[in-house]
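>>> Predicted model and sequence follow; I will ask about them next.
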Amino acid sequence: MSASVRVAAHAKLNLLLRVLAREHDGFHGIETLFCLISLADQLVLERRDDAGISLEVEGPDCGPVADNLAVRAAELVLGATGRRFGLHIRLHKQIPLQGGLGGGSSDAAAALVAVNRLAGDPVPRHELLQFAARIGSDVPFLLAGAPLALAWGHGERMLRLPPLPTAPGLLLVPALGVRTPEAYRMVDDARQGIGVRGAVALDLESLGSWGSLGRLAGNDFEFALFGRHPELKRAFEALAATHPLLCRMTGSGSTVFAVYRSQSERDAARTQLNPRLGRVLSFDTLTTPAPGPDQS
């Protein structure tokens, strides 16, 4: 049985994100189109004889260890497998915090798979998905490893879709971070007095090319957040002015992203962006499932 496991935790984009009504449990339903991208954190998980979980982070401060989603995920698997060993987690953060890119959720998904591997894979896949749904709405998609999926409910129900052709893109990450609960409150406040949402019909053709998605894509958080934070609107408008195939905000913000026809167009777009708008990162969309953990 392996003493350590290394695994990549990839970021996600929401190409389409509709926020539905608040449900009886206090959470909102969503409809979203998830897309996996090349940007990733790296985790190394080591078995330890001592009980408990320790966390070592290379990168920005991720807050208290007990609140870290990778630690919470590891606890779930250890609890389900009899706590036969302890863990040390080394986390190399590349995905920006509070940017709507699912970094913490992806770390959690990677930890679920990696700890299960260290234990000899006793927890079946469908149970890991249940654990993922308990942690957060992005985690089931990031655990599933599919490059593209339509999701609804709390993100726990998914339809895998044929991957879109790989495409180059840019992330523009403003200095302002947005906490997810705050973003949902802004959406609720912005919708007061607004009538029922209109009908929408999705089909595979409209979800099958970057051109058609560029006409369909949207994010319900944009209206609420852009009104409260003009710097986010300026970042979005600057990125949209580079003439991408698609430009949106991802998740509950604050990162905005653009997808381009070619690497040369992406490189040209990058030179047009004022660095004062935020940090700029390049990525490629993925066409194959994220690889599983490497053992040693």
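Ah, there it is. No experiment lies behind these values; they were computed from the predicted model shown.

>>> Domain map for this protein?
4-162, 168-284 (automatic domain parsing).

>>> Lowest average pLDDT across these?
Among those, domain 168-284 has the lowest mean pLDDT, at a mean of 91.

>>> Give me the distance between the two termini of that domain.
End-to-end distance for domain 168-284, by CA to CA, to the nearest Å: 4 Å.

>>> which residues pair with the nearest residue to S38 once chain neighbours are set aside across the strands?
For S38, ignoring the flanking residues on the chain, the nearest one in space by CB to CB, 6 or more residues apart in numbering is D284 at 4.6 Å. Any C-beta I mention is one placed from the backbone N, CA and C, and that applies to glycine too. Beta-bridge partners for D284, by DSSP bridges, are P168.

>>> wait, D284 sits on G169?
Yes - counting by CB atoms under 8 Å, D284 does reach G169; the two are 7.1 Å apart.

>>> Overlap of the contact sets of the two?
Residues touching both D284 and G169 (CB atoms under 8 Å, 6 or more residues apart in numbering): I37.

>>> check contacts around L148.
Going by CB under 8 Å, 6+ apart, the list of residues near L148 reads 33-36, 160-164.

>>> Any chance of these in JSON lines with secondary structure, neighbour count and distance to A133 as columns?
Listed next are these as JSON lines, based on DSSP: H, G, I helix; E, B strand; the rest coil; neighbours: other CB atoms under 10 Å; distance: CB to CB, whole Å:
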{"residue": "L33", "secondary structure": "strand", "neighbour count": "22", "distance to A133": "18"}
{"residue": "F34", "secondary structure": "strand", "neighbour count": "27", "distance to A133": "14"}
{"residue": "C35", "secondary structure": "strand", "neighbour count": "27", "distance to A133": "20"}
{"residue": "L36", "secondary structure": "strand", "neighbour count": "27", "distance to A133": "18"}
{"residue": "R160", "secondary structure": "strand", "neighbour count": "14", "distance to A133": "16"}
{"residue": "L161", "secondary structure": "coil", "neighbour count": "17", "distance to A133": "20"}
{"residue": "P162", "secondary structure": "coil", "neighbour count": "10", "distance to A133": "24"}
{"residue": "P163", "secondary structure": "coil", "neighbour count": "18", "distance to A133": "23"}
{"residue": "L164", "secondary structure": "coil", "neighbour count": "20", "distance to A133": "25"}
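
>>> Can you lay out those residues as CSV showing distance to L204?
Putting the contacts of L148 into CSV (distance: CB to CB, whole Å) gives the following:
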residue, distance to L204
L33, 12
F34, 16
C35, 15
L36, 19
R160, 12
L161, 7
P162, 8
P163, 13
L164, 12
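
>>> what's the spacing between A11 and E222?
As judged by CB to CB, to the nearest Å, A11 and E222 stand 19 Å apart.

>>> Settle it for me: which of the two has more neighbours?
Comparing A11 with E222 by neighbour count (other CB atoms under 10 Å), the higher total belongs to A11, at 29 against 18.

>>> just checking, the more buried one is part of a strand?
Yes - per DSSP: H, G, I helix; E, B strand; the rest coil, A11 lies within a strand segment.

>>> That one touches I95, doesn't it?
Yes - counting by CB under 8 Å, A11 touches I95, with 4.7 Å between them.
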